[in-house]
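A.B. asks: Got a predicted model here, sequence first, then my questions.
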Amino acid sequence: MNGRLVSNCFATIYGAIPETKYAVMKKERKRDTGLRAFPDLRLEDSIKYTDRWHKHHPWTQPWQQNELRLYRARGYAMSAILDQRKRYGPLEDNMIPNHAILAFEGSLKNKAIQEIDAAIPHRGWSAWSGLVFDGHDFLMVQVPDPRAEEAARIVEAAMAYEYNGMRFKGKAKITDIWGDQ
């Protein structure tokens, strides 16, 4: 699948309008070369990809509109599950679905952090073991090498969640290098 289509679809789910996606993607550069990532992208492409997404995923727009309605009524975007994490504004209309998704992701991580902390307590397995980092989209634990597989199973179990028939899960990776996440 081409990068333009993937980036457009990802942004569409998060509520970005075609003009915003186009403007952001047109400026995007490749890290290794500094060249534009999508040099031939046209606004028409962004509109076409957005229309195609909504045609094949007709539930996206009603969900986004419902999140916008709820935001206007409450004054914040929120994940309706787990710890009901909130994100306050003011927020632009096309940011509301993104914040609802991020609140959900944050709630899942809160749940996982509590479960991991109970199963791999800070300094419980060694003088330096336990949860050591909570990044944007990952959690990092440090454990003695002989317990790495066990820790991976704990992390994956803690990241698992099912909501309305949808299964969410994380994939643990074992490494000796912190930067290799």
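C.D. replies: Perfect, thanks for sending it. Keep in mind that what you see is a predicted model, and the values were worked out from it rather than measured.
A.B. asks: how about R167, phi and psi?
C.D. replies: For R167, the backbone dihedrals (degrees, to the nearest 10) come out as phi -100, psi 130.
A.B. asks: can I assume R167 is in contact with L108?
C.D. replies: No - with contact defined as C-beta atoms under 8 Å, R167 does not reach L108; the gap is 11.8 Å. Where C-beta positions appear, they are placed from N, C-alpha and C, glycine not excepted.
A.B. asks: Looking at those two, which has the bigger crowd around it?
C.D. replies: It is L108, of R167 and L108, that has more neighbours when counted by other C-beta atoms under 10 Å, with 22 against 8.
A.B. asks: what sits up against the helix or strand harbouring the more buried one?
C.D. replies: In this structure, L108 sits in helix 96-119 according to DSSP states H and E. With contacts defined as C-beta atoms under 8 Å, 6 or more residues apart in numbering, helix 96-119 is touched by 13-16, 63-64, 67-68, 71, 77-79, 81-87, 91, 130-131, 134, 137, 139, 141, 154-155, 157-159, 161, 168, 170.
A.B. asks: Equivalent analysis for stretch 70-87, please.
C.D. replies: Contacting residues not belonging to stretch 70-87 are listed as 67, 88-89, 91, 96, 99-100, 102-104, 106-108, 110-111, 161, 163 [C-beta under 8 Å, 6+ apart].
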